[in-house]
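[1] quick one: sequence and predicted model below, then my questions.
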Amino acid sequence: VSAHIPIVGDVRLVLREFTKEILPCSCADWLQKVQIVKNDAPLRGEPRTDFVEPRVFMRDLSDLMQDDAILTADVGQNQIWAANNFNTKSGRFLTSGGMGTMGYALPAAIGAKLAKPRRQVVAVCGDGSFQMSMCELATVNETGVPIKLIVMRNKYLGMVKELQDKLYHGNYVATPLQGDPDIVKLVQAYGIQAAFAQNNEQAKALAKEMLDSKQPYVLVCDVDPDTPTL
């Protein structure tokens, strides 16, 4: 990618000069459009007793968290469930957006908590993305940074599975995660508290326990692999 205007310099000094050129702008019209879309969007999913319904759970989690909390989301279905159902109040929602960087949520949460230690910081990911950065549990254990991590375990790369269901008649290639470890035991091996939720009632109760804890905590949610993204 060629730069139209290449700039070489100390990034701190360059950004400082850039800020002098920023003009104030009004986002009122855009925010109004966003609010209309938000108000018209239907809430999907119903609480389940056999699995954790992730869209319902994200709304429950949002209600339990502090107004200025920070949520980091990974890539895939967990990202969309969070984006569509978590109510970001005066806090922040951090995700890799269109870059599609799996394994983002856990290290991003560590960085966010170290930068803003007084805020609640929760990461959400799938079992696929969790296994792309689970080694960072060693960093959590070493530093004691009290982040909270939610793993939506459906034993698939869920969004890819959904596409293979719709476009390729269920011909799954490289999407089943049949080699998954016992995530709770793995987390506990790092000396970190962990729990497993089998339904929405358990998930909500354990989420409250997780948020009340002063220590790092991982909550694994058992999710139906056929739960849709939207």
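    That came through fine.
[2] contacts and neighbour counts: CA atoms only from here.
    Will do.
[3] neighbours of residue 128, how many?
    25 (other Cα atoms under 10 Å).
[4] so who does it touch?
    155-157, 177 (Cα atoms under 8 Å, 6 or more residues apart in numbering).
[5] just confirm it is within a helix.
    Yes. Secondary structure of residue 128, determined by DSSP: H, G, I helix; E, B strand; the rest coil: located in a helix.
[6] tell me how far it lies from residue 161.
    12 Å (Cα to Cα, to the nearest Å).
[7] and for residue 15?
    Residue 15 sits 42 Å away from residue 161, taking Cα to Cα as the criterion.
[8] higher neighbour count, these two?
    Residue environment comparison for residue 15 versus residue 161 gives the larger neighbour count to residue 161, 21 against 11, counting by other Cα under 10 Å.
[9] quick check: bridge partners of the spatially most central residue of the chain?
    Centroid-nearest residue in the chain, with Cα atoms, centre = their mean: residue 73, separated by 2.1 Å. Bridge pairing for residue 73 (DSSP bridges) gives the partners residue 95, residue 124.
[10] how about low-confidence regions in this structure?
    Residues of the chain that meet the criterion pLDDT under 70 are absent altogether.
[11] all strands of it, in order?
    With DSSP state E as the definition, the chain shows strands at residue ranges 70-73, 92-95, 121-126, 148-153, 193-197, 217-222.
[12] relative to residue 29, which of the ones you listed is closest?
    When the strands of the chain are compared for distance to residue 29 using Cα to Cα, the nearest one is strand 92-95, at 21.5 Å.
[13] residue 146: how many residues sit nearby?
    As a burial measure, residue 146 scores 23 neighbours (other Cα under 10 Å).
[14] ok, it - contacts?
    Residue 146 neighbours (Cα under 8 Å, 6+ apart): 113, 140, 214-217.
[15] quick one: which of those is nearest residue 81?
    Closest approach between these and residue 81, by Cα to Cα: residue 217, at 20.7 Å.
[16] closest one of the contacts of residue 146 to residue 52?
    Top of the list for closeness to residue 52, among these and by Cα to Cα, is residue 217 at 18.1 Å.
[17] show me where this protein has helices.
    In the chain, the segments counted as helices under DSSP state H are 11-21, 28-40, 54-64, 77-85, 105-115, 127-130, 137-143, 158-168, 183-189, 200-212.
[18] which one of the ones you listed lies closest to residue 121?
    Nearest of those (Cα to Cα): helix 105-115, 6.0 Å.
[19] list the buried residues in that closest one.
    The neighbour-count criterion (16 or more other Cα atoms under 10 Å) identifies 105-110, 112-114 as the buried residues of helix 105-115.
[20] dump it to CSV, keeping only the CA atoms.
    In CSV, the C-alpha atoms belonging to helix 105-115 read as follows (Å, rounded to 0.1, in the frame of the first residue of the first chain):
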residue,chain,number,x,y,z
ALA,A,105,-10.2,-10.2,23.2
LEU,A,106,-8.0,-11.6,26.0
PRO,A,107,-4.9,-9.5,25.4
ALA,A,108,-7.0,-6.5,24.7
ALA,A,109,-8.7,-6.9,28.0
ILE,A,110,-5.4,-7.2,29.8
GLY,A,111,-4.2,-4.0,28.2
ALA,A,112,-7.5,-2.2,29.0
LYS,A,113,-7.4,-3.2,32.7
LEU,A,114,-3.8,-2.2,33.1
ALA,A,115,-4.6,1.2,31.5
